[in-house]
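Asker: I would like to see how this sequence folds:
(2 chains, ligands or ions: 2)
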Amino acid sequence: MAVEHPPAGPGTLGTSRGDQSRIHDIGYRGYDGPRLGRAYARRSLYSQSLRGAYGLGRSVKSKVLPMLLFAVMCVPAAIMVAVAVATKAHELPLAHAYTRYAIVTQAVISLYVAAQAPQAVSRDLRFKTVPLYFSRPIETADYVRAKFASLASALLILTGAPLLVMYVGSLLAKMGFAHQSEEFAQGLVSVALLSLLFAGIGLVIAAVTPRRGFGIAAVIAVLTISYGAVSTLQAIADAQGSAGAVPWIGLFSPVTLIDGVQSAFFGGRSSFPGGVGPSHGEGAVYVLVVLGLIAACYALLIRRYKKVGL
Amino acid sequence: MIATESLSKRFPRVTALDRLSVDIGPGVTGLVGANGAGKSTLIKILLGLSPASEGRARVLGLDVATEGAAIRERVGYMPEHDCLPPDVSATEFVVHMARMSGLPPTAARERTADTLRHVGLYEERYRPIGGYSTGMKQRVKLAQALVHDPQLVFLDEPTNGLDPVGRDEMLGLIRRIHTDFGISVLVTSHLLGELERTCDHVVVVDGGKLLRSSSTTDFTQTTTTLAIEVTDSDEHPDGTRAVREALHARGVDTHAEGAGLPGAGHILLLTAAGEETYDLVRDVVADLGLGLVRMEQRRHHISEVFTGSDEQRKEAVGHGG
Ligand SMILES: Nc1ncnc2c1ncn2[C@@H]1O[C@H](COP(=O)(O)OP(=O)(O)OP(=O)(O)O)[C@@H](O)[C@H]1O
Ligand SMILES: [Mg+2]
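Answerer: Numbers count the residues shown, from 1 in each chain, chains lettered A, B, ... in the order given. Ligands and ions are numbered 1, 2, ... in the order given. Purely as a prediction, here's the structure:
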């Protein structure tokens, strides 16, 4: 029995065994209470994963990065509000702040996805916990939906919080209510799309790499490096006089996809060369590509987990 | 509890199960077979997670092909491989798994505390699993399979990696799952010997085929052999012979152990029919005024039931003995 208690001191061993065998005698009680089934299990997995995405209910170490990134996202928004209030401005210092904000902070968002997507799925794969889920009533789709929804929600909190800070701030500063509300709503729509897209991409990558380090690197490559590459190509195309190619090149990175959707439909500056986003028609293609990618990520995740099985 | 009808599972390169038909009732059932015999494959099919290539199976009266979710609500599963995240405590982990089985939050916490206690994890349950010994990890794996109070549990090689003491404790625990908790058990092992003590029924598979399915009492009770050794006395210089003749006179056959070997013949073997045999032997020896040096049961091992030539099986038999 000593092998069962490596860290226990030799002095305590004897007594604790005695106590334990006494406790052992308490009879077994069955469970006749309710069994809440799949939907409940899915919700539980969702909330557990969402909390996990901010390190809640986990070690202090796992809270540091997500909380830090959350702060990094919110502080600039708070500063803008403070500046606007102090200067009694009628507009936030950043034009089209609600839609531009996520694009400007894309590196922080990508870093968050890179850190938290592997946390959400690679652990279960690496430690082979997945079979324990699927030996219960929940099924592949329940697991995938719960994980997808939890990371997307975590991202919505990350990207939506600074918008909320700006909105509340702007109202306190008595900026135009209708105008601010409209822009805030537009901002929320685009960060919701961004959250779904980034969560999907992050999870797909993380789900094929049980090694956490690879997952982090691959997510950063796909989200951030692709943005850099696409922006560079757009600039080259623009400089060489083939401006017509610019919107099509923009389809090849997640950040420019979101940028394209919001600049096409919500107006405002784009990060595309010359600050001009796609036209309405091109924007429609952007929307379709974004929705298609989200659906494809979901389908890929389902396929991946069908294979894991037991 | 479990019934399969010519159940087959073929993978592209191997046939893991080959027209297996078994009927398993309540109690503790051992599923024995060498590596690759198809034990884990059978469990996956019974959980409704892997479709059979052919044949049918029912668990708790539910069809594995169509009612997998209902089956999984009522059974527990302990996999053969590691499945525990190292960075959470046993309590946190088992509570989470209880909720995944549909238990409301409060019930999940209560059942976790109870179950961990029943499997023998106490103050250590608040520490991260990463620091546990193999024995403790096996207990956590068992706890997550029992936490929702299933009607039946599938335990895939629960004694894997345990030392002899840990193995005995795990087997004792498995026995209690049925006797104390009222949960039926299907437990796999490639060691025949260890299941003899634990199981009511043993199913042996080899190469995906059913080799034997019988209750352990069947082949242990009918073959219980009694070995006796007595002292000599002045009246009976050959006490063994005197006892043998006295027993013969009462219609009990005996045979000597290791007949033909030097020094043999001091131990008499006889087949015990039940309690009466013990009383008879005691009385006969006392009547002759001899001393009883020993009277012990020679239980035949399940392993003796097999006379296979397969090397792997022999190896398993060797372990079991
Ligand atoms: N997914 C799979 N694809 C292909 N072959 C498989 C698969 N799963 C199992 N097998 C094969 O089926 C056979 C039975 O495997 P199974 O895991 O059921 O054996 P087992 O009795 O559990 O063995 P062990 O004692 O090693 O756990 C083996 O030959 C194995 O290689
Ligand atoms: Mg196996």
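
Asker: which residues sit against stretch B:8-26?
Answerer: Here stretch B:8-26 makes contact (C-beta atoms under 8 Å, 6 or more residues apart in numbering or on different chains) with B:1-7, B:36, B:38, B:41-42, B:45, B:50, B:52-55, B:184, B:186, B:201, B:203, B:205, B:207-210, B:213. Quick note: C-beta positions are derived from backbone N, CA and C, even for glycine.

Asker: and ligand 1, which of those residues contact it?
Answerer: Near ligand 1, judged by C-beta under 6 Å from any ligand atom, the entries from the contacts of stretch B:8-26 are B:36, B:38, B:41.

Asker: By neighbours, which of those residues wins?
Answerer: Neighbours here mean other C-beta atoms under 10 Å in any protein chain shown. Within these, the largest count is held by residue B:38, at 25 neighbours.

Asker: hey, where'd the helices end up in the chain?
Answerer: Chain wasn't specified; assuming chain A. A:10-24, A:37-53, A:60-86, A:97-104, A:106-126, A:130-134, A:140-172, A:177-208, A:212-220, A:226-239, A:246-249, A:254-265, A:280-308 (DSSP state H).

Asker: wrong one, I was asking about chain B
Answerer: Under DSSP H, chain B gives helices at B:39-46, B:68-74, B:90-100, B:105-118, B:134-146, B:164-179, B:192-198, B:216-221, B:239-249, B:275-287, B:311-320.

Asker: of all those helices, which lies closest to residue A:230?
Answerer: helix B:90-100 (40.4 Å; C-beta to C-beta).

Asker: which outside residues touch the closest one?
Answerer: Residues contacting helix B:90-100 (C-beta under 8 Å, 6+ apart): A:40-41, A:44-45, A:48, A:57, A:132-133, A:136, A:138, B:84-85, B:88, B:105, B:107-109, B:111-113, B:115-116, B:121, B:124-127, B:129, B:132, B:136, B:140, B:143-144, B:147-148.

Asker: Next, the angle from that helix to helix B:105-118.
Answerer: 130 degrees (axes from the mean of the first three to the mean of the last three C-alpha atoms, to 10 degrees).

Asker: mind checking how far helix B:90-100 is from the chain centre?
Answerer: 28 Å (C-alpha atoms, centre = their mean, to the nearest Å).

Asker: any idea how far ligand 1 is from the nearest residue to residue A:280 once chain neighbours are set aside?
Answerer: Nearest residue to residue A:280 in three dimensions, chain neighbours excluded: residue A:264, at 6.0 Å (C-beta to C-beta, 6 or more residues apart in numbering or on different chains). Separation of residue A:264 from ligand 1 (C-beta to the nearest ligand atom, to the nearest Å): 47 Å.

Asker: Return the distance of residue A:264 relative to residue A:190.
Answerer: 11 Å (C-beta to C-beta, to the nearest Å).

Asker: any common contacting residues for the two?
Answerer: By C-beta under 8 Å, 6+ apart, no residue touches both residue A:264 and residue A:190.

Asker: Next, find the distance separating the closest residue to ligand 1 within the stretch 101-250 of chain B from residue B:206.
Answerer: With C-beta to the nearest ligand atom as the measure, residue B:190 is the residue of the stretch 101-250 of chain B nearest to ligand 1, at 5.2 Å. The spacing between residue B:190 and residue B:206, counted by C-beta to C-beta, is 11 Å.

Asker: For stretch B:282-290, give me every contacting residue.
Answerer: B:228, B:230-233, B:235-236, B:239, B:242-243, B:246-247, B:250, B:291-292, B:295.

Asker: Also stretch A:174-193?
Answerer: With contact meaning C-beta under 8 Å, 6+ apart, stretch A:174-193 is reached by A:84, A:89-92, A:96-99, A:101-102, A:155-156, A:159-160, A:163, A:166-167, A:170-171, A:258, A:261-262, A:266, A:290.

Asker: 6 Å instead, please
Answerer: Residues from elsewhere that reach stretch A:174-193, judged by C-beta atoms under 6 Å, 6 or more residues apart in numbering or on different chains: A:90, A:98, A:99, A:102, A:159, A:160, A:163, A:167, A:170, A:262, A:266, A:290.

Asker: In PyMOL, select just the buried ones from those residues.
Answerer: Buried residues among those (16 or more other C-beta atoms under 10 Å in any protein chain shown), as a PyMOL selection:
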select buried, chain A and resi 98+99+102+159+160+163+167+170+262+266+290
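
Asker: Now the contacts of stretch A:174-193 in CSV, please, with extra columns for distance to chain B and pLDDT.
Answerer: Shown next, in CSV, are the contacts of stretch A:174-193 (distance: C-beta to the nearest C-beta, whole Å; pLDDT from 0 to 100):
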residue, distance to chain B, pLDDT
A:90, 49, 82
A:98, 37, 93
A:99, 38, 91
A:102, 31, 93
A:159, 28, 97
A:160, 27, 97
A:163, 32, 96
A:167, 34, 95
A:170, 40, 91
A:262, 38, 91
A:266, 41, 87
A:290, 32, 97
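
Asker: Kindly indicate which of the contacts of stretch A:174-193 lies nearest ligand 2.
Answerer: residue A:290 (44.4 Å; C-beta to the ion).

Asker: So the closest one is in contact with residue A:257, correct?
Answerer: Yes - using C-beta atoms under 6 Å, residue A:290 is in contact with residue A:257, at 5.4 Å.

Asker: Return every residue with contacts to both of the two.
Answerer: Joint contacts of residue A:290 and residue A:257 (C-beta under 6 Å, 6+ apart) do not exist.

Asker: mind showing which ranges of the stretch 151-300 of chain A have poor pLDDT?
Answerer: Counting by pLDDT under 70, the stretch 151-300 of chain A shows no low-confidence range.

Asker: quick one, what contacts the residue in it that chain B sits nearest to?
Answerer: Closest contact between the stretch 151-300 of chain A and chain B, by C-beta to the nearest C-beta, is at residue A:212 (11.9 Å). Applying C-beta under 6 Å, 6+ apart to residue A:212 gives the contacts A:118, A:122.

Asker: what about it, distance to ligand 1?
Answerer: For residue A:212 relative to ligand 1 (C-beta to the nearest ligand atom), the value is 25 Å.

Asker: And that residue, how close does it get to residue A:126?
Answerer: According to C-beta to C-beta, residue A:212 and residue A:126 sit 7 Å apart.

Asker: Ok, residue B:75 next?
Answerer: To residue A:126, residue B:75 is 26 Å away according to C-beta to C-beta.

Asker: what do you get for residue A:235?
Answerer: Distance, residue A:235 to residue A:126, using C-beta to C-beta: 40 Å.
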